[in-house]
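In: Starting from these lines, generate the structure:
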Amino acid sequence: MGDKRQRARVQGSWAKPLPKPARPTVSGGQPVTGPWNTGPRTFEFHQPTNPIRVIPEDKTIEEAGVYEISQGPTGVSRLRLLPRFLTMEEADWMLATLLAELPWSQKTNYGMMGGAYEEPRLTCWYGELPYTYSHSTLQANPQWHPVLTTLRQTVERETSHTFNSLLCNLYRDGKDSIAWHSDDESSLGPHPTIASLSLGDTRVFSLRKKPPPEENGDYKYVEKLRVPMSHGTLLVMEGCTQDDWQHQVAKEYHDRGPRINLTFRTTYPEPEQPSNR
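Out: From the prediction side, this is the model:
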């Protein structure tokens, strides 16, 4: 029994708490104060100098109607969407006829630095005047196909607008596309109205708002719209849409059948260039 008590005393001596370290002092014997004796730490919130910006989600327009998509110093940008503008039977017959009978060809364009590239789609042009875009010209072609003449009259009645020309685009599959652009050539006049009729497989027609000058061409935070263009759908772009928005048909990595896009326009003679004399 005595041995057990002796061992307990020895073990207890090992378990004694260590002495607290002395607080540091400076000359004069005053203890040093520091953050360890100031109580719980608090945090002060400072508003960021630059506000946090959120990339807006794409909006989709699918229902028939009139949409004012923006209003700015230049005026109102407006879309009119008419799904099933043509019946399925009409659209099927017109698609087959135009695929077989229009003079489709692949246009060569030129970039700002002069480099040539082939458009990733086929086109043809109808109108009394030539049409120039991407630094190359489609020659005048006044001999309208009868189906196109009928369609033009139908679209004019619907829109109460007169058109004298037509750019036809054939997207052969999902790899064919058109890049971001605006139809703002001088030959189309100010604030052009463009009626776009879609035949064939559904492709997404995308729009994005042009950024203000202080954004230096940064499209990251602009509004974006998606319009699925199904067989027989008519979309009309009006007002300042070409001034304030860009549009595209992007490549798609899915099986897509052919799609014809008929864009009815009103063109005017190109302004004469000043003489260098």
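In: So which residue is dead centre in this structure?
Out: Nearest to the mean C-alpha position of the chain, by Cα atoms, centre = their mean, lies residue 208 at 3.8 Å.
In: That one touches residue 220, doesn't it?
Out: No. The criterion here is Cβ atoms under 8 Å, and residue 208 misses it with residue 220 at 10.4 Å. In this view, the C-beta of every residue, glycine as well, is placed from N, C-alpha and C.
In: which secondary structure element contains residue 179?
Out: strand 178-181 (DSSP states H and E).
In: err, residue 91, not the other one
Out: Short version, using DSSP H and E: residue 91 is in helix 88-101.
In: outside of that helix, which residues touch it?
Out: Applying Cβ atoms under 8 Å, 6 or more residues apart in numbering, the external contacts of helix 88-101 come out as 86, 145, 147-148, 151, 168, 170, 199-200, 231-232, 258, 260.
In: to the chain's geometric centre, what's the distance from it?
Out: Here the centre of helix 88-101 is set off from its chain's centre by 30 Å, with Cα atoms, centre = their mean, to the nearest Å.
In: Equivalent analysis for stretch 151-171, please.
Out: For stretch 151-171, the distance to the chain centre is 24 Å (Cα atoms, centre = their mean).
In: same check, this time on stretch 116-136
Out: Worked out by Cα atoms, centre = their mean, stretch 116-136 lies 23 Å from the chain centre.
In: repeat for stretch 147-162
Out: Distance of stretch 147-162 from the chain centroid (Cα atoms, centre = their mean) equals 28 Å.
In: Give me the buried stretch members for it, please.
Out: 148, 151-152, 155, 159 (16 or more other Cβ atoms under 10 Å).
In: So which of the residues you listed belong to helices?
Out: The members of the buried residues of stretch 147-162 that map onto helices under DSSP state H are 148, 151-152, 155, 159.
In: Can you give the contact residues for stretch 239-251?
Out: With contact meaning Cβ under 8 Å, 6+ apart, stretch 239-251 is reached by 69-70, 72, 74-79, 120, 171, 174-184, 188, 191-192, 194, 203-210, 237, 261.
In: got a list of what residue 83 touches?
Out: Counted by Cβ under 8 Å, 6+ apart, residue 83 has contacts 62-64, 230, 232-233.
In: Please determine how far it is located from residue 77.
Out: According to Cβ to Cβ, to the nearest Å, residue 83 and residue 77 sit 20 Å apart.
In: now do residue 166
Out: With Cβ to Cβ as the criterion, residue 166 and residue 77 are 23 Å apart.
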